[in-house]
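Visitor: return a 3D structure for these sequence lines:
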Amino acid sequence: MKDEPMCKIVSANGGKEALELLDKITVDLILLDVEMSDMNGFETLLHIRKKHNTPVAFLTGNKDIHTLQEATKLGVDDYINKPFIPLALKETIHSILNA
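Guide: Model prediction:
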């Protein structure tokens with residue numbers, strides 16, 4: 001693991017809190033769930049894209065094609081279905097950050 005980059009992870013309890021954090025700090029990547037209690041991932045992504053160009057990957061258990069199409073339309077950088085294999089998540093993160 002010596003070649004693995006170190007990451008600082010910041011979490012939010014929902015879309016509104018995530019948006020507040022993004023106004024205060026800079027992040028390299030956002031992992032965003034589609035289903036959240038206060039604001040869904042689509043709404044959150046829409047607000048993120050108004051102010052930030054930060055890469056966003058959706059994590060979701062919803063495998064519906066319409067969900068993928070909507071996410072793509074809103075500018076999501078990648079889409080990871082839950083449950084996921086940790087190695088797949090790691091590879092997706094590396095792919096986005098090294099693009």
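
Visitor: what's around residue 50, how many residues?
Guide: By the other Cβ atoms under 10 Å criterion, the neighbourhood of residue 50 contains 8 residues. C-beta: built from backbone N, CA, C; applies to glycine.

Visitor: could you check how far it is from residue 10?
Guide: As for residue 50, its distance to residue 10 is 20 Å (criterion: Cβ to Cβ, to the nearest Å).

Visitor: roughly how far does the residue lying closest to residue 23 once chain neighbours are set aside sit from residue 20?
Guide: Closest residue in space to residue 23, ignoring its immediate chain neighbours: residue 51 at 7.7 Å, by Cβ to Cβ, 6 or more residues apart in numbering. Between residue 51 and residue 20 the computed distance is 12 Å (Cβ to Cβ).

Visitor: same question for residue 50.
Guide: Distance, residue 50 to residue 20, by Cβ to Cβ: 14 Å.

Visitor: need the contact list for the most centrally placed residue in the chain.
Guide: Centroid-nearest residue in the chain: residue 31, 2.5 Å away (criterion: Cα atoms, centre = their mean). Neighbour list for residue 31: 56-57, 59 [criterion: Cβ atoms under 8 Å, 6 or more residues apart in numbering].
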